[in-house]
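>>> No sequence on hand, only this structure:
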């Protein structure tokens with residue numbers, strides 16, 4: 001359905017990320033999907049993808065023997081490549097999903113991307129991550145690290161890396177490459193990467209990394225850090241989220257600590273060199289390595305002969321020889337290419353495929369054998385709307401901070417109409433929550449009840465109640481013109497700000513909002529904003545609202561792993577959420593900078609920041625958050641989160657959703673094996689948050705062609 005708003009350009013350093021007519025037929029098709037040698041396996045095509053569901057959390061046993069692609073076996077025979085046993089780690093990662101069948105080697109997979117520099121390309125490859133999400137982020141499993149543990153108070157975490165890991169050029173990959181990232185990139189003031197929020201202690205101090213040997217990494221915090229394993233599974237790393245690891249043997253030639261005479265602009269050149277999705281010379285740990293790059297047009301990825309993951313049957317992955325990627329920046333042109341069968345796999349959230357396209361895509365299914373997979377988004381909101389509670393105009397800001405105002409506009413929304421027109425009667429109407437598959441919503445009946453109260457708190461369509469709430473806070477029509485004014489009689493105009501290139505369905509939702517709110521007497525205008533200006537204007541309090549942040553599905557595991565919507569905090573994605581000046585101030589708390597800006601107007605600070613009122617909802621949310629992030633007892637941490645949710649219920653909504661967990665469109669060629677159906681996925685899917693990288697979390701390296709010679 002709707003694509004989550006995302007940063008398109010790579011490289012995506014932490015700093016760069018911070019500044020991050022078919023309706024009737026479609027409804028019928030979607031109604032049933034409403035959610036709450038040549039080949040290693042011998043002769044002949046394999047059976048259809050298994051009916052297994054989810055993934056075991058305990059690592060699978062190592063296979064008795066290993067098999068490699070014929071093209072690699074030929075290179076070994078010719079003496080151009082070491083034997084497979086020398087290329088794999090001693091204990092490779094065995095891809096664990098229950099739906100996997102043994103595949104064939106060979107063929108090319110045609111993909112579409114919006115731009116050759118799009119960070120979305122890296123969402124296909126999980127190879128750099130120390131740990132991995134399993135079961136739609138319900139569980140965490142091993143990755144580059146085959147095991148890990150924490151001390152008693154969870155302030156020191158130890159990771160044990162696989163012995164024998166190698167970069168795509170055959171050089172050893174060790175904990176020294178993690179230390180290179182940490183010491184020579186993160187801690188180097190001249191490099192743009194900064195310490196990720198997850199590697200700061202609760203008191204704000206930066207964690208200490210150490211590598212006692214090539215296979216052991218220790219991360220020490222000054223306070224308990226119970227969520228560390230989940231953060232280590234987040235993102236694909238190496239350019240989407242924290243970098244985590246970088247090939248020191250290659251990159252030290254471009255770093256002044258190791259190479260003299262690089263000049264003051266070394267960091268820019270270094271960033272270009274380290275981007276394995278733009279630079280074919282940069283070694284990688286992913287299943288495919290970049291072979292050819294034509295800016296703005298195409299890229300070709302070839303099999304990495306040193307990839308460290310295997311199938312349960314011992315086949316070194318990937319099965320598919322090459323990825324052939326075409327860049328199409330016009331979504332309508334992309335849809336035409338899908339209709340014409342010019343792609344074998346299309347991740348709809350990256351290319352603008354929406355539920356409204358389902359009926360028209362039937363021709364691609366019949367003419368070009370493209371199956372339509374309607375994976376669940378996992379979203380607790382659908383399309384997200386929120387006001388900027390730090391809006392610069394003081395009179396309007398007071399109104400936006402009135403809970404009754406936000407409750408009124410929520411009750412004025414007819415979610416049933418939007419559910420039918422935009423979501424094709426899929427999903428479930430919601431005030432706006434985190435996803436119900438989150439562990440803190442499922443662990444305990446109290447948690448489930450709290451989430452249900454949150455979902456239903458202001459979801460009812462009740463214009464009369466909305467008007468009454470507005471009257472109670474003095475937002476009334478004082479001059480008889482049918483338009484409500486501010487309590488002091490001055491005009492009140494509600495501006496629906498949105499990025500100028502908003503998706504069609506997001507634009508449609510904006511029109512519905514304007515209609516509903518005008519019906520209760522509010523003066524409403526829509527305001528397109530150039531995407532390049534958005535972050536700066538939002539941070540400065542110049543934008544009043546955020547219309548159609550599409551499909552945020554947070555959290556990926558429990559609320560505290562992705563708390564930015566729950567509580568305004570700094571050094572995170574919250575720069576784009578509902579209280580940006582409070583979030584920025586959160587970064588200053590308990591630092592020298594807090595006193596440095598005390599006498600400066602909040603909107604004149606760089607960046608703009610403001611301390612929330614003592615005892616107010618944000619102040620109380622911060623207090624609970626501070627307790628929860630160091631709480632090592634899981635159930636007690638959940639209980640603190642439930643207390644935070646109750647503030648959202650009583651004094652919110654701070655952000656508003658429409659329809660939760662409606663499906664997203666994925667197209668896959670019917671002859672492509674090991675692409676999971678919705679029924680194979682533990683929670684039906686978790687598609688849109690980049691913290692749970694999709695499709696990477698489903699291991700596309702295991703996709704295979706049933707008849708590779710025809711592809």
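Sure, I can see it. Because the structure is a prediction, the values reported are computed rather than measured.
>>> going forward, measure contacts between C-alpha atoms and count neighbours the same way
OK.
>>> The lengthiest helix in the chain - what's its average pLDDT?
In the chain, with assignment by DSSP state H, the single longest helix is helix 634-651. Per-region confidence: helix 634-651 scores 97 on mean pLDDT.
>>> What helices and strands are in contact with that helix?
The contact analysis (3 or more Cα pairs under 8 Å, 6 or more residues apart in numbering; DSSP states H and E) places helix 634-651 against helix 445-456, helix 617-628.
>>> can you rerun that using 6 Å?
helix 617-628 (3 or more Cα pairs under 6 Å, 6 or more residues apart in numbering; DSSP states H and E).
>>> what comes up buried for the helix it packs on?
617-622, 624-625, 628 (16 or more other Cα atoms under 10 Å).
>>> what is the mean pLDDT for that helix?
Rounded mean pLDDT across helix 617-628 is 97.
>>> Contacts for it, please.
637, 640, 644 (Cα atoms under 6 Å, 6 or more residues apart in numbering).
>>> rerun at 8 Å
202, 560, 567-568, 612-613, 637-638, 640-641, 643-644, 647, 651 (Cα atoms under 8 Å, 6 or more residues apart in numbering).
>>> so that helix versus helix 634-651, what angle?
180 degrees (axes from the mean of the first three to the mean of the last three Cα atoms, to 10 degrees).
>>> What is the distance between helix 617-628 and the centre of its chain?
24 Å (Cα atoms, centre = their mean, to the nearest Å).
>>> coming back round to it: can you say which of the contacts of helix 617-628 are buried?
The buried subset of the contacts of helix 617-628 (16+ other Cα under 10 Å) comprises 202, 560, 567-568, 612, 637-638, 640-641, 643-644, 647, 651.
>>> can you give me the helices for the stretch 351-500 of the chain?
362-368, 394-400, 403-411, 415-421, 439-442, 445-456, 463-472 (DSSP state H, counting those that start in this stretch).
>>> Just name the most buried of those helices.
The highest mean neighbour count among the helices of the stretch 351-500 of the chain, using mean count of other Cα atoms under 10 Å, belongs to helix 403-411: a mean of 24.
>>> so where's the stretch 401-550 of the chain uncertain?
550 (pLDDT under 70).
>>> try 80
Low-confidence segments of the stretch 401-550 of the chain, defined by pLDDT under 80: 548-550.
>>> Would you map the strands across it?
Applying DSSP state E, counting those that start in this stretch to the stretch 401-550 of the chain gives strands spanning 428-429, 493-499, 523-529, 545-550.
>>> same deal with the stretch 51-200 of the chain?
Going by DSSP E, counting those that start in this stretch, the stretch 51-200 of the chain shows strands at 93-94, 108-113, 131-134, 139-142, 145-150, 156-161.
>>> among these, which is the most enclosed?
Greatest burial across the strands of the stretch 51-200 of the chain, using mean count of other Cα under 10 Å, falls to strand 131-134, with a mean of 26.
>>> contact partners of that one?
Contacts of strand 131-134 (Cα under 8 Å, 6+ apart): 54-55, 57, 126, 139-145, 229, 232-234, 692, 697.
>>> Pull the contacting residues for residue 694.
123-124, 686-688.
>>> Try it again at 6 Å.
Here residue 694 is in contact with 123, 687 (criterion: Cα under 6 Å, 6+ apart).
>>> okay, it: pLDDT?
95.
>>> Three-state assignment for it, please.
coil (DSSP: H, G, I helix; E, B strand; the rest coil).
>>> go on, residue 697?
Relying on three-state DSSP, one would call residue 697 helix.
>>> count of neighbours near it?
22 (other Cα atoms under 10 Å).
>>> Next one: residue 314 from residue 68, what distance?
9 Å (Cα to Cα, to the nearest Å).
>>> Could I get the full set of helices for the stretch 1-150 of the chain?
Under DSSP H, counting those that start in this stretch, the stretch 1-150 of the chain gives helices at 14-18, 23-30, 70-77, 84-87.
>>> related to what we said a few turns ago, closest one of the contacts of helix 617-628 to residue 604?
residue 612 (16.5 Å; Cα to Cα).
>>> Could I get the pLDDT score of that closest one?
96.
>>> That one: what's it in contact with?
Applying Cα under 6 Å, 6+ apart, no residues qualify as near residue 612.
>>> Would you agree it falls within a strand?
No: counting by three-state DSSP, residue 612 is located in no strand; its state is coil.
>>> Could you pull up phi and psi at it?
phi -70, psi 160 (degrees, to the nearest 10).
>>> again with residue 660
phi -90, psi 150.
>>> distance of it from residue 380?
From residue 660 to residue 380 the distance is 5 Å (Cα to Cα).
>>> ok, residue 674 to residue 103 distance?
For residue 674 relative to residue 103 (Cα to Cα), the value is 8 Å.
>>> Counting neighbours, go ahead and name the busier of those two.
residue 103 (30 against 23).
>>> Name the nearest residue to the more buried one, ignoring sequence neighbours.
residue 704 (5.7 Å; Cα to Cα, 6 or more residues apart in numbering).
>>> Can you verify my assumption that the one you found contacts residue 671?
No: judged on Cα atoms under 6 Å, residue 704 makes no contact with residue 671 at a distance of 8.3 Å.
>>> These two: who's more crowded?
More neighbours surround residue 704 than the other of residue 704 and residue 671, with 28 against 19 (other Cα under 10 Å).
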